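Peer 1: Using only what follows, build the 3D model:
(chains A and B, ligands or ions: 2)
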Amino acid sequence: MSKDNQILEDLTSKEYEHGWSVNLEVDEAPTGLTEDTIRWISAKKEEPQWLLDWRLKAYKIWLAMDEPKWANVHYPKIDLQSLKFYSAPKQSNKPKSLDEIDPELLQIYERLGISLNEQKKLQGIAVDVVLDSVSVGTTFKDTLSKLGVIFCSFSEAVKEHPELVKKYLGSVVPMTDNYYAALNSAVFSDGSFCYIPKGTRCPMELSTYFRINAANTGQFERTLIIAEDNSYVSYLEGCTAPQRDENQLHAAVVEIYAAKHAEVKYSTVQNWYPGNKEGVGGIYNFVTKRGICAGDYSKISWTQVETGSAVTWKYPSCILKGDYSIGEFYSVAVTNNYQQADTGTKMIHIGKNTKSRIVSKGISAGHSQNSYRGQVQVMKRATNARNFSQCDSLLMGNRCGAHTFPYIDIQNPSAKVEHEATTSKIGEDQLFYCNQRGIATEDAVALIVNGYAKEVLNQLPMEFAVEAQKLLALTLEGSVG
Amino acid sequence: MLSIKNLHASIEGTPILRGINLEVKPGEVHAIMGPNGSGKSTLASVLAGREEYEVTEGEVIFMGKNLLELSPEDRAREGVFLAFQYPVEIPGVSSTNFLRTAVNQVREYRGLEALDAVKFLSIMKEKMKLVEIDQKLLSRSLNEGFSGGEKKRNEIFQMAMLEPSLSILDETDSGLDIDALRIVSNGVNQLRSPEKATIVVTHYQRLLDYIVPDFVHVLYNGRIVKSGTKELAMELEEKGYDWIKEEADSTAV
Ligand SMILES: Nc1ncnc2c1ncn2[C@@H]1O[C@H](COP(=O)(O)OP(=O)(O)OP(=O)(O)O)[C@@H](O)[C@H]1O
Ligand SMILES: [Mg+2]
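Peer 2: Ligands and ions are numbered 1, 2, ... in the order given. Alright, predicted model coming up:
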């Protein structure tokens, strides 16, 4: 047996770094999902009647829907009635400052590598942390509010800015959109809310860290970003979860609204627990992310580095409604061991002279399955629409799979749509070349993979790019073939 | 420094090397010549530790260590360098980044501290002069879209950066224009020292005018069938390999 095969055999893949959990006292909803659960959540959050009605409507719609089956992923049926739909760390009173936050919670942040304090200020990042179901602390609210930027938890936005929430909630991802979006609409617990007023360039990166801590709990967060005319914001999302043997469900919804000349950059480094080497446990990550370029000359750019989760089902998309609007999707999806990912994007060209660009880099190792699924749709009115798609797959070893499912639907003859796809294997020649220069195989893999994913990693803000590079290397540790 | 005794190696069951014997002392330059397919690159690959080749017999001692027991990266770290006949491309990885990783891993192995970016760049600048390589080339992806000559030049540049004690140059001269041949040879000569040894694999006597060998060996059918001094190379240039093949075939059993 060659050395490479041996390495493949005893996949010594790095233990998941964020697999710890902390015993926090929690407020939990009763197990299972009924109308009462939704009333319970809504009451817990002291929500207005209109929101409860909205949730109940979503619940009714959801009841009539079926789980989507078209994705190239396989998992046992999720028993929603055995899940808890709300879990919040107990805190007698809302903390007024970070000092008042439960020390156990602060310990969580530290282990996440997030300091909610001055450090982030230096780095110019404002952070919101969503633990299980609630947002537990947002930094730099004051600095931001001087500019009119609103960055707070979703629940807070419901209380403080109901008119904005009411206007935009469900406007990009309607509750009828799909099974998971409907479920999220019914039971979503918290998330982040972000509003950038006209003519404002948000001076710092806004960042949310999502963390599932409690067992047997689904996480359903909701993010809403509104960028008014001529505004700009760069938004980062990170996520981790404890290592547990049972699968946990994460079904989030992200909505982005970009007005005239607005630009929103949304970056994700997804590192949910992927399950162990045998494929036991891990997060089911079923997420609906969509942005609308509503105004002319607006731009929405999605960048994602997907390394975690047992199963990923995720298609950050752009509706290019405004003329001259631009949608971008940059993705690196890595799967190892028994992970499955079905991810990609939808670019829907409605306005004239709209442009979209898709760069997808899949990396599969172990027994994993990695699918790119992308749709480019050019509507009748979208004269001179342009799309460029580049979908590359990199395979490591012989037991993984890479699949590409591009769908192209053009209703305007002036459209120019280009699609390029490549599949390659990490070459023995490349590895040997690196080895011959004194570079160990693991490091050679990291080097080659990061080179392969460079075009996407370059899109990330600096500090995220470094984290992402490390993550790619860790995910693939011990997977060389 | 390097002692190869009765080395046999095969690939997928086909024997390629059939009993190589070679002694290389510090400071020496050995040229290895021989017809296409005779096993020159195979020998270089086996010394560098390529997995596909199975060593079936013999031993290789390098600076007192059993080379065949070391992983390819450890051989490199011990000071074996192979300038490839066909250097591979690594998209998205700049030469600079690649070399910095390599140099620091080698340094770590040797118990030296890692070079910071500033120090590394200054050493790089110095070595770039040696082979007259352009900075622009080094910021591009490693070997991607490099011309044949640029790839070879880059190999020697890497050698300069890694400061190996044994360098094996596999047809580094092929693909070089006349000026480049001179520049690259100059670079190699400047890196020569009494502690270092070089093995050059080549088809052409021309290179040996620049890099003057102490010994010339002819490899044929997986064996060194003739050894001599630089005059042997001239003779080969003149007469070709037929006479050697005949000689070898008649003595082979
Ligand atoms: N994978 C392989 N399977 C079978 N035979 C192989 C394989 N790889 C190399 N060989 C054979 O081994 C022999 C020696 O090849 P090698 O590359 O060492 O020759 P060389 O002396 O370097 O030739 P050249 O002067 O053309 O570079 C050749 O006959 C070649 O076809
Ligand atoms: Mg050769």
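
Peer 1: any idea how far B:E113 is from B:Q135?
Peer 2: 26 Å (Cβ to Cβ, to the nearest Å). C-beta coordinates here come from the backbone N, C-alpha and C atoms, glycine included.

Peer 1: Tell me the helix or strand right after the strand or helix carrying A:T143.
Peer 2: Following DSSP states H and E, one finds A:T143 within helix A:141-146. Counting by DSSP H and E, the next helix or strand C-terminal to helix A:141-146 is strand A:150-153.

Peer 1: for that following strand, packing partners?
Peer 2: Applying 3 or more Cβ pairs under 8 Å, 6 or more residues apart in numbering or on different chains; DSSP states H and E, one finds that strand A:150-153 makes contact with strand A:125-131, strand A:134-138, helix A:141-146, helix A:154-160, strand A:192-196.

Peer 1: ok, of these, where does mean pLDDT dip lowest?
Peer 2: Here the helices and strands packed on strand A:150-153 differ in mean pLDDT, and the lowest is strand A:134-138 at a mean of 54.

Peer 1: The longest strand belonging to chain A: how far from the chain's middle?
Peer 2: Ranked by residue count under DSSP state E, the longest strand found in chain A is strand A:282-293. With Cα atoms, centre = their mean, to the nearest Å as the basis, strand A:282-293 stands 6 Å off its chain's centre.

Peer 1: Can you pull out the residues in contact with the helix or strand that comes right after that strand?
Peer 2: Once the chain leaves strand A:282-293, the next helix or strand it forms, by DSSP H and E, is strand A:299-306. Contact with strand A:299-306 is made by A:256, A:258, A:262-270, A:289, A:291-293, A:312, A:314, A:316, A:318, A:325-334, A:341, A:343, A:345, A:453, A:456-457, A:459-460, A:468, A:471-472, as judged by Cβ atoms under 8 Å, 6 or more residues apart in numbering or on different chains.

Peer 1: Next step: these restricted to strands.
Peer 2: Judged by DSSP E, the contacts of strand A:299-306 include A:256, A:258, A:263-270, A:289, A:291-293, A:312, A:314, A:318, A:326-334, A:341, A:343, A:345 as members of strands.

Peer 1: before we move on, the earlier item: and the helix holding A:T143, what's buried?
Peer 2: Going by neighbour count (16 or more other Cβ atoms under 10 Å in any protein chain shown), the buried part of helix A:141-146 is A:K141, A:L144.

Peer 1: On the three-state scheme, A:F432 is what?
Peer 2: With DSSP: H, G, I helix; E, B strand; the rest coil as the basis, A:F432 sits in helix.

Peer 1: Distance check, it against chain B.
Peer 2: Using Cβ to the nearest Cβ, to the nearest Å, one obtains 6 Å as the distance from A:F432 to chain B.

Peer 1: Where does the residue nearest to that residue when sequence neighbours are not counted sit: helix, strand or coil?
Peer 2: Nearest non-adjacent residue to A:F432, counting by Cβ to Cβ, 6 or more residues apart in numbering or on different chains: B:R50, 5.7 Å away. Three-state call for B:R50 (three-state DSSP): coil.

Peer 1: now A:D142: how far from A:F151?
Peer 2: Using Cβ to Cβ, A:D142 is found at 11 Å from A:F151.

Peer 1: Would you mind pulling up the elements that the longest strand of chain A packs against?
Peer 2: Against strand A:282-293 (3+ Cβ pairs under 8 Å, 6+ apart) you get helix A:179-187, strand A:247-250, strand A:253-258, strand A:263-270, strand A:299-306, strand A:311-314, strand A:317-320, strand A:326-335.

Peer 1: let's go with 6 Å and repeat that
Peer 2: strand A:247-250, strand A:253-258, strand A:311-314, strand A:317-320 (3 or more Cβ pairs under 6 Å, 6 or more residues apart in numbering or on different chains; DSSP states H and E).

Peer 1: Would you mind pointing out the helix or strand the residue most central in space within chain B falls in?
Peer 2: Geometric centre of chain B, nearest residue: B:I168, 1.8 Å, by Cα atoms, centre = their mean. Element membership for B:I168 (DSSP H and E) is strand B:166-170.

Peer 1: starting at the chain centroid, how far to that strand?
Peer 2: Counting by Cα atoms, centre = their mean, strand B:166-170 is centred 2 Å from the centre of its parent chain.

Peer 1: what do you get for stretch A:423-440?
Peer 2: For stretch A:423-440 - counting by Cα atoms, centre = their mean - the centre lies 32 Å from the chain centre.
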